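> quick one, structure for this:
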Amino acid sequence: MRVVVVGGGIGGLALGAGLRRRGVEVAVFDRDTDVAATGGYHITLDERAQSALRELVPADTVQRLLASASALRLRDADAWWDRRGRLLGRGGDLGDSSGVDVDRVTLRTLLAEAVGDDLHLGRTVSGVDHGDDGTPRVLFTDAAPVPADLLVGADGTHSLVARHLAGGPTNTPAGIIGFSGRTLATDLSAGEQRRLGPRSGLAIGPRGAALYIGFLDPVGRPALDAPELRMSVTTGPTYIWGAMFPASPLTDSLRHLREAELRAGLLRTFHARGWDERRLEVIARAAPHSVAAYRFNAASTRAADLAPWPAGRITAFGDAVHATPPTAGMGAGAAIRDAADLVQRLGDVADGTTTLTEAVTRFEAGMRRRGSQALTPAMRTVRLILATDTTLGAAATALTTPLLAAAARLRH
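A predicted model of the protein is given here:
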């Protein structure tokens with residue numbers, strides 16, 4: 001069996017690595033020329049995602065990942081703040097958590113190594129079709145078509161493969177524009193370092209403004225204390241933050257700015273919504289080259305709406321099917337679990353216990369459930385942010401946050 005994977009993101013590389021490890025002929029194609037040329041948030045992997053990775057990559061790759069990741073159990077409980085930096089509440093104790101946070105670059109690099117020579121970079125896919133004998137093929141802008149027994153789309157939110165299968169887009173804009181950046185903890189004032197602490201948190205204000213601040217410290221709080229295996233691109237305590245605003249002509253215009261200009265535009269937008277300037281230090285002191293903008297897209301939260309096509313020799317997974325906003329930190333983990341499930345199903349085909357169509361049918365059924373489970377909490381946060389942008393929601397946010405802050409002070 002020959003499997004061709006379109007897309008060399010986290011999901012596509014995980015699938016390629018798993019198939020290669022099982023001895024399946026596989027080719028992964030991606031338009032990037034460098035696997036380290038990727039941005040976005042850090043990635044949270046829960047125990048389910050880690051268990052899937054253990055099935056996909058060699059044990060030493062898992063060890064290197066853990067040595068390059070922050071352990072959630074070594075982090076303080078998450079926090080919720082208002083726009084003035086007042087504490088509204090805390091999450092549960094993380095002492096028993098097996099989850100980890102890892103740089104996207106680190107994870108993608110490790111997975112690419114596991115795929116090895118089966119990864120083909122700098123290859124731009126223009127579409128998919130079938131040959132005269134019905135064999136699925138990948139079409140390229142500058143190369144001959146490549147046939148496959150199974151063609152898999154792991155090409156993200158704007159997937160050509162999923163669009164081919166569904167006859168149109170598989171997701172829509174979620175109504176939020178996101179902005180991300182990285183700030184060294186040591187670049188912050190002593191007061192902000194104390195307030196933010198070794199934890200992740202979320203601040204929400206009226207008019208749909210929100211700021212997520214994620215804490216990453218794979219050296220000081222590693223999931224596995226093995227410095228000789230470490231390859232994290234983050235080498236000190238770092239806040240990887242994400243600002244969120246409802247989509248509007250104003251926030252759309254910010255997307256055209258770059259680096260320091262984008263950072264300044266973000267600060268102006270928060271100021272206009274009444275945020276305390278002192279609590280925006282994490283943005284003001286971010287590395288300018290790290291600041292970027294992107295649109296949140298989301299698929300339906302209903303499992304029945306996902307992968308709305310009959311199973312066959314072309315399929316897709318991850319964000320290509322269940323595009324998930326980063327507001328719950330579950331999208332990448334779901335894609336990795338998709339990859340592990342597909343590898344297992346194709347193993348059943350190799351063993352002769354099922355047909356390829358039956359295997360894809362079972363895989364897609366499981367993928368729909370996983371996608372819905374990841375999307376539901378992510379969209380809950382999206383809807384909460386958007387609700388504060390209504391007249392009633394803005395007034396309720398402004399009125400209730402001081403009360404919540406007062407209650408938090410009494411509790412602590």
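
> beta-bridge partners for Trp241, please?
Per DSSP bridges, the residues bridged to Trp241 are Gly181, Ile213.

> how near is it to Thr355?
As for Trp241, its distance to Thr355 is 48 Å (criterion: Cβ to Cβ, to the nearest Å). Any C-beta I mention is one placed from the backbone N, CA and C, and that applies to glycine too.

> which of the two has more residues huddled nearby?
Trp241 (24 against 11; other Cβ atoms under 10 Å).

> host element of Val5?
strand 2-6 (DSSP states H and E).

> now do that strand: distance to the chain's middle.
22 Å (Cα atoms, centre = their mean, to the nearest Å).

> got the CA coordinates for it in CSV?
The C-alpha trace of strand 2-6 is given here as CSV (Å, rounded to 0.1, in the frame of the first residue of the first chain):
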residue,chain,number,x,y,z
ARG,A,2,1.2,3.5,-0.9
VAL,A,3,-0.1,6.4,1.2
VAL,A,4,0.4,10.0,0.1
VAL,A,5,-0.1,12.7,2.7
VAL,A,6,-0.8,16.3,1.7
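
> now stretch 83-100: buried residues?
Neighbour counts over stretch 83-100 (16 or more other Cβ atoms under 10 Å) mark 83, 85-88, 90, 94, 99-100 as buried.

> from the residues you listed, which is closest to Ala67?
Within these, distances to Ala67 taken as Cβ to Cβ reach their minimum at Val100, with 10.5 Å.

> which residues sit in contact with the closest residue to the closest one other than its chain neighbours?
Of all residues not flanking Val100 in the chain, Ala69 sits nearest, at 3.9 Å (Cβ to Cβ, 6 or more residues apart in numbering). Ala69 sits next to 45, 100-102, 106, 218, 222-224, 232 when contact means Cβ atoms under 8 Å, 6 or more residues apart in numbering.

> let's see 10 Å
Going by Cβ atoms under 10 Å, 6 or more residues apart in numbering, Ala69 touches 42-45, 50, 99-103, 106-107, 216, 218, 221-224, 230, 232, 234.

> quick one: which of the residues you listed sit in helices?
Counting by DSSP state H, the part of the contacts of Ala69 found in helices is 50, 106-107.

> highest neighbour count among the residues you listed?
Busiest of these [other Cβ under 10 Å] is Leu107, holding 24 neighbours.

> with adjacent residues omitted, what lies nearest to that residue?
The nearest residue in space to Leu107 (Cβ to Cβ, 6+ apart) is Ile43, at 5.8 Å.

> distance-wise, check that neighbour relative to Leu306.
22 Å.

> the worst-scoring helix or strand of the chain on mean pLDDT packs against which elements?
The weakest-scoring helix or strand in the chain, judged by mean pLDDT, DSSP states H and E, is helix 391-411 (a mean of 85). Counting contacts by 3 or more Cβ pairs under 10 Å, 6 or more residues apart in numbering; DSSP states H and E, helix 391-411 packs against strand 79-81, strand 87-90, strand 201-204, helix 356-387.

> just the buried members of the contacts of Ala69?
Buried among the contacts of Ala69 (16+ other Cβ under 10 Å): 42-45, 50, 99-103, 106-107, 216, 218, 221-224, 230, 232, 234.

> can you give me the strands for the stretch 1-150 of the chain?
Using DSSP state E, counting those that start in this stretch, the strands found in the stretch 1-150 of the chain span residues 2-6, 25-30, 43-45, 70-71, 79-81, 87-90, 100-102, 119-121, 125-130, 136-140, 146-147, 150-153.
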